[in-house]
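# Any chance you can model this:
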Amino acid sequence: MFIVHVDIRVRPEFVEDFKKACADNAQNSVKEAGIVRFDVIQQSNDPTCFVLVEAYLNDSDVEKHKQTAHYNKWRQTVEKMVVGERTKTRFNPVWSESY
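This next block holds a predicted model:
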């Protein structure tokens, strides 16, 4: 299992729309067999900064996720909302109560 953090900055006028699009994607993503966890978090002192916290069983589950209709809908919807590039960082779990 591994965890991916996707850091995203959003244009201020799209913050609420971005949150809705992410919630829809996350709610569908957790139904996928290979996704253990999918959180959307917003920075408290800068509401335009978000992190998607995605936990996968293996690499092939990431590719399966990217083929889903809900992911592709999310990607197309938020494209105009995002400032700059999304950055991804991969982590290995050490300990978590939820896993």
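
# Buried residues in the longest helix seen in the chain, which are they?
Secondary structure assigned by DSSP state H gives helix 15-29 as the longest helix of the chain. Judged by neighbour count using 16 or more other C-beta atoms under 10 Å, the buried positions of helix 15-29 are 15, 18, 21-22, 25-26, 28-29. (C-beta placed from N, C-alpha, C; glycine too.)

# Tabulate these (TSV), appending pLDDT.
Listed next are those as TSV, based on pLDDT from 0 to 100:
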residue	pLDDT
Val15	98
Phe18	98
Ala21	98
Cys22	98
Asn25	98
Ala26	98
Asn28	98
Ser29	97
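
# Let's have those residues in JSON lines, adding distance to Phe2.
Below are the buried residues of helix 15-29 laid out as JSON lines (distance: C-beta to C-beta, whole Å):
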{"residue": "Val15", "distance to Phe2": "29"}
{"residue": "Phe18", "distance to Phe2": "25"}
{"residue": "Ala21", "distance to Phe2": "24"}
{"residue": "Cys22", "distance to Phe2": "21"}
{"residue": "Asn25", "distance to Phe2": "19"}
{"residue": "Ala26", "distance to Phe2": "18"}
{"residue": "Asn28", "distance to Phe2": "21"}
{"residue": "Ser29", "distance to Phe2": "15"}
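
# Could you pull up the contacting residues of the residue most central in space within the chain?
By C-alpha atoms, centre = their mean, the chain has its centre lying nearest to Leu52, at 3.3 Å. The contact partners of Leu52, by C-beta atoms under 8 Å, 6 or more residues apart in numbering, come to 4-6, 8, 22, 26, 38-41.

# what's the offset of stretch 22-33 from the middle of its chain?
9 Å (C-alpha atoms, centre = their mean, to the nearest Å).

# what do you get for stretch 31-49?
Worked out by C-alpha atoms, centre = their mean, stretch 31-49 lies 5 Å from the chain centre.

# Same check on stretch 76-88?
Computed by C-alpha atoms, centre = their mean, the chain-centroid distance of stretch 76-88 equals 11 Å.

# Same question for stretch 77-89.
11 Å.
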